[in-house]
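Q: 3D, please:
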Amino acid sequence: MKTLILLFIVATTCLSFSHGLGGSESKVIPNSINQMSIDFFKVALDNQADNFVCSPFSVAHVLAISAFGSQGNTRDEIITVLHMKNYYKYIEKLHKKYNLTGSFDLVMKSDSLKMANKMYVNENISVKPNFKNGITSIFKSDVESLNFKNSFDAADKINNWVEKETNNIKNLVKSYDFDDQTALALIDAVYFKDN
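A: Sure thing, here's the model as predicted:
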């Protein structure tokens, strides 16, 4: 049942992305997410003894955000994992479409499905305004500076945000997830209510 729900989430999300992209382009993002999902599940199933639920779309989304902010080999490796050779071309098209229609917001905030993601960056790292603007306008996400040295406060702040954004999902992260060496945390949470 969990797998069925997960596949429904992925399929619904992928279909929503296909609207508004022309011709063969309408299949690129869903196909990329599907291929990345297959790769992800192969690795996850090999390393997971118990049942688990995950959202491949969420994984793809945070990887796309990571690619947007990276350069060189790191960016190339992320784009390879995403199976999206023309990454920037499609990101630009998505940016234009979703800024005009706001339909990505409908996927992110419905009654039965709530998705929230945010990048928390170590307060010692300077975030370029272009990157922050891109994260906000293209990915409907946000970037916030955080003091990871105080791991209890960092976890508390992140968990409060997750709880507010996802119909009260609690304790997504723990204080031991962070320390003074943490550069950034990409947080993604999905709330799904089966009707």
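
Q: Show me how the protein divides into domains.
A: The chain breaks down by automatic domain parsing into domains covering 1-108, 112-195.

Q: Just send these back as TSV, with mean neighbour count and mean pLDDT too.
A: Where you see a C-beta, it was placed from the backbone N, CA and C, and this is true even at glycine. Below are the domains of the chain laid out as TSV (neighbours: other CB atoms under 10 Å; pLDDT from 0 to 100):
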stretch	mean neighbour count	mean pLDDT
domain 1-108	15	68
domain 112-195	16	90
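
Q: Which is the succeeding secondary structure element to the lengthiest helix in the chain?
A: If you go by DSSP state H, the chain has its longest helix at helix 28-47. Note on helix 28-47: by DSSP states H and E, the next helix or strand toward the C-terminus is helix 56-68.

Q: That following helix - contacts with which helices or strands?
A: On a contact count with 3 or more CB pairs under 8 Å, 6 or more residues apart in numbering; DSSP states H and E, helix 56-68 meets helix 2-18, helix 28-47, helix 72-82, helix 87-101, strand 113-122, helix 129-139, strand 184-192.

Q: again, only using 7 Å
A: Counting contacts by 3 or more CB pairs under 7 Å, 6 or more residues apart in numbering; DSSP states H and E, helix 56-68 is packed against helix 2-18, helix 28-47, helix 72-82, strand 113-122, helix 129-139, strand 184-192.

Q: Run the chain-centre distance for the longest helix of the chain.
A: Chain-centre distance of helix 28-47: 14 Å, with CA atoms, centre = their mean, to the nearest Å.

Q: now the angle from it to helix 72-82?
A: 90 degrees (axes from the mean of the first three to the mean of the last three CA atoms, to 10 degrees).

Q: What lies in contact with the helix or strand containing Ser145?
A: Using DSSP H and E, Ser145 sits within strand 143-146. For strand 143-146, contacts defined as CB atoms under 7 Å, 6 or more residues apart in numbering pick out Lys118, Met119, Tyr120, Val121, Asn122, Glu123, Val127, Lys132, Ile135, Ala154, Lys157.

Q: how about a cut-off of 10 Å?
A: 65, 69, 118-128, 131-136, 153-155, 157-158, 161, 178, 182, 184-185, 187 (CB atoms under 10 Å, 6 or more residues apart in numbering).

Q: Run me through the strand neighbours of that strand, direction for each.
A: The strands beside strand 143-146 in its sheet (DSSP bridges) come out as strand 113-122 (parallel).

Q: Quick one: closest of the helices and strands packed on helix 56-68 to Glu165.
A: The minimum distance between Glu165 and the helices and strands packed on helix 56-68 falls on strand 113-122, with 3.5 Å, by CB to CB.

Q: Now do that closest one against strand 184-192: the angle between them, please.
A: Using the same axes, to 10 degrees: strand 113-122 against strand 184-192 is 170 degrees.

Q: could you give the angle of strand 113-122 to helix 56-68?
A: Using the same axes, to 10 degrees: strand 113-122 against helix 56-68 is 30 degrees.
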